[in-house]
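*Asks:* sequence and computational prediction follow.
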Amino acid sequence: MSHPTQPSTPPSTPALPPTSGEPALRAVTSLHPADEIDLVRLLPHGPATELVAWVRGGEGMVGWGRALELSATGPGRWAELADRWREVTDASTDEGSAGAPRGAGLVAWVSAAFSDDSPAGSTLVVPRTVVGVHEGVAWVTRIEQLSPGVVSEDVPSTGTTGATGADALPREGTPPVAPRGLREAPGLTPDEGWEEVVAAGIDAVRGGRAEKVVLARDVLATAAEPLDLRWLLQRFAAGYPDTWTFAVDGLVGATPEMLVRLDGGRVFSRVLAGTIPREAGAGQDQRVADGLLHSTKDLAEHAFAVESVVERLAPLCTTVEAPGTPSVLPLPNVFHLSSDVDGRVRPGTTVLELAGALHPSAAVGGTPREAALELITELEGRDRDRYAAPVGWVDAAGDGDMGLALRCGRVLEEDPATLRLWAGGGIMADSDPRTEWVETGAKLAPMRWALGTD
Ligand SMILES: C=C(O[C@@H]1C=C(C(=O)O)C=C[C@H]1O)C(=O)O
């Protein structure tokens, strides 16, 4: 039996839609008076990964649902996210945000992996609903995909105030659920081994391998049920109002450190390095703060961090200015040496590219950068996931805030009742392992307090 011969050319197939480019989004913003809006109370109950927040002193933004998610890995993760976000925003429409406060309109939250070779990946998330507050103005932005793509189900709406429809202000969500039956366990480094890790870091610095290396430890906190992130966010917002309370992709915390803010061409970075736990009793504050301001070890450690930021900003800016001496930033748990760096960015640079260039600053890596990163890999011996990496938001113009993911934890993908908490500190030749243990304990205090019910 003979078989029909195959045609030499395949039959013509219908034309496929263009595959280049990212999905287009449509953002619609409405403005409202901001009377008595408590942003973190607006968040609906939902899985940890569906909630986003960036709030400080009652202002900022919260969001939920997912209109779009982009991910990237490797050393090119920043450039990839920046390019793809530009493609998204170029193809998208943004209605009603003209003249509205910074952050209103099309906006994405970003959380990146600390290291270039991390399996953790980096993510850019555009929520379906964003509510913001700034200087007496509130806004609601609703975002949807215009072109085909995967859109996850929105978190159920919390309802609306008076007015109905897409532009109404969402009403407060149900009260958050306090974590029950909390227990702590040592993380990837056994507690009793961490001072040895620090001692090895001190030896490496004394031996000339680096001038400063930041070493961190982790702790696991497990509750009886999946954690309600809104509990933590409300605690942070109330107890740490001078820090940026953040949530994205299951990473939650209250960071005092602004790696980089871009606002209409102005660049700002708050560099922190050099820390002392705040002792109970306000009577001690002045003495402790003075001690920090005169500690040669802490001043040197701080200078490395400022230098690393100024050096990396310089090629991307027309001007960069740093103060000659740091000041003391008081937080409920610690004092930090703090320097505010200001600059003007060269046109066309977004906050994502700035964060990519600055990360890891010597506040979380060390000096020199490459040698310190090698030591971190060698001595910590495990991946930092999203800890100590940039976290924040970017708008359609490329402006935004990128803090450092510190005083934070991340919900484990495999167990939504467990958070991995992290804290680290800068190790210099004259550091002491016991003091570093106490300092990292003070840096874990905000998370431990936020998990509590006192
Ligand atoms: C590494 C952390 O914090 C960083 C390290 C600091 C230090 O060593 O003094 C201070 C602030 C942060 O830049 C942390 O909180 O985990």
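*Replies:* Perfect, thanks for sending it. Residues are numbered from 1 along each chain as shown.
*Asks:* separation between the most centrally placed residue in the chain and Gly265?
*Replies:* Ranked by distance to the mean C-alpha position of the chain (C-alpha atoms, centre = their mean), the top residue is Val391 at 2.1 Å. Val391 is 23 Å from Gly265, where distance means C-beta to C-beta, to the nearest Å. Where C-beta positions appear, they are placed from N, C-alpha and C, glycine not excepted.
*Asks:* and if you look at Ala237?
*Replies:* In terms of C-beta to C-beta, Ala237 sits 30 Å off from Gly265.
*Asks:* more crowded one of the two?
*Replies:* Ala237 (24 against 14; other C-beta atoms under 10 Å).
*Asks:* that one belongs to a strand?
*Replies:* No - using DSSP: H, G, I helix; E, B strand; the rest coil, the assignment for Ala237 is helix, not a strand.
*Asks:* hmm, Leu43 and it touching each other?
*Replies:* No - in this structure Ala237 lies outside contact range of Leu43 using C-beta atoms under 8 Å: 10.9 Å.
*Asks:* let's test this: mean pLDDT of stretch 135-145, rounded?
*Replies:* The predicted model assigns stretch 135-145 a mean pLDDT of 96.
*Asks:* just stretch 318-328 next, same as before
*Replies:* On average, stretch 318-328 scores 98.
*Asks:* list the buried ones in that stretch?
*Replies:* 320, 322, 326, 328 (16 or more other C-beta atoms under 10 Å).
*Asks:* between those residues, which sits nearest the ligand?
*Replies:* Pro326 (11.2 Å; C-beta to the nearest ligand atom).
*Asks:* any idea how far Val107 is from Leu229?
*Replies:* For Leu229, the distance to Val107 - C-beta to C-beta - is 19 Å.
*Asks:* Three-state assignment for the residue nearest to Leu43 when sequence neighbours are not counted, please.
*Replies:* The shortest distance from Leu43 to any non-neighbouring residue, by C-beta to C-beta, 6 or more residues apart in numbering, is to Arg230 (4.9 Å). Here Arg230 is recorded as helix under three-state DSSP.
*Asks:* wait, Arg230 sits on Gly173?
*Replies:* Yes - using C-beta under 8 Å, Arg230 is in contact with Gly173, at 6.9 Å.
*Asks:* so what sits against both of these two?
*Replies:* 43, 45 (C-beta atoms under 8 Å, 6 or more residues apart in numbering).
*Asks:* so those two - more neighbours on which side?
*Replies:* Under the neighbour definition other C-beta under 10 Å, Arg230 and Gly173 were set side by side, and Arg230 has more, 26 against 20.
*Asks:* pull up the per-residue confidence for that one.
*Replies:* You'll see Arg230 listed with a pLDDT of 97.
*Asks:* distance of it relative to the ligand?
*Replies:* To the ligand, Arg230 is 23 Å away according to C-beta to the nearest ligand atom, to the nearest Å.
*Asks:* all further residue positions should be reported with the first residue as 131.
*Replies:* Got it, first residue is 131 now, which makes that one Arg360.
*Asks:* how about that residue, what does it touch?
*Replies:* Applying C-beta under 8 Å, 6+ apart, the residues contacting Arg360 are 170, 173, 175, 181, 303, 306.
*Asks:* okay if I get the residues you listed as TSV plus pLDDT and distance to the ligand?
*Replies:* TSV is the format used below for these (pLDDT from 0 to 100; distance: C-beta to the nearest ligand atom, whole Å):
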residue	pLDDT	distance to the ligand
Val170	96	22
Leu173	97	25
His175	94	29
Leu181	97	22
Gly303	85	29
Pro306	96	25
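*Asks:* does any part of the helix or strand containing Gly486 sit near the ligand?
*Replies:* Per DSSP states H and E, Gly486 falls inside helix 481-488. No - Helix 481-488 stays clear of the ligand (C-beta under 6 Å from any ligand atom), getting no nearer than 12.4 Å.
*Asks:* give me the mean pLDDT for that helix.
*Replies:* Mean predicted confidence for helix 481-488 is 98.
*Asks:* which helices and strands does that helix pack with?
*Replies:* helix 207-221, strand 388-393, helix 426-443, strand 520-525, strand 530-534 (3 or more C-beta pairs under 8 Å, 6 or more residues apart in numbering; DSSP states H and E).
*Asks:* that helix vs helix 207-221, what angle?
*Replies:* 170 degrees (axes from the mean of the first three to the mean of the last three C-alpha atoms, to 10 degrees).
*Asks:* what's the helix or strand that comes right after helix 481-488 in contact with?
*Replies:* Proceeding N to C from helix 481-488, the next assigned helix or strand is strand 496-497, under DSSP H and E. Applying C-beta under 8 Å, 6+ apart, the contact partners of strand 496-497 are 340-344, 434, 437-438, 502-503, 505-506, 556-557.
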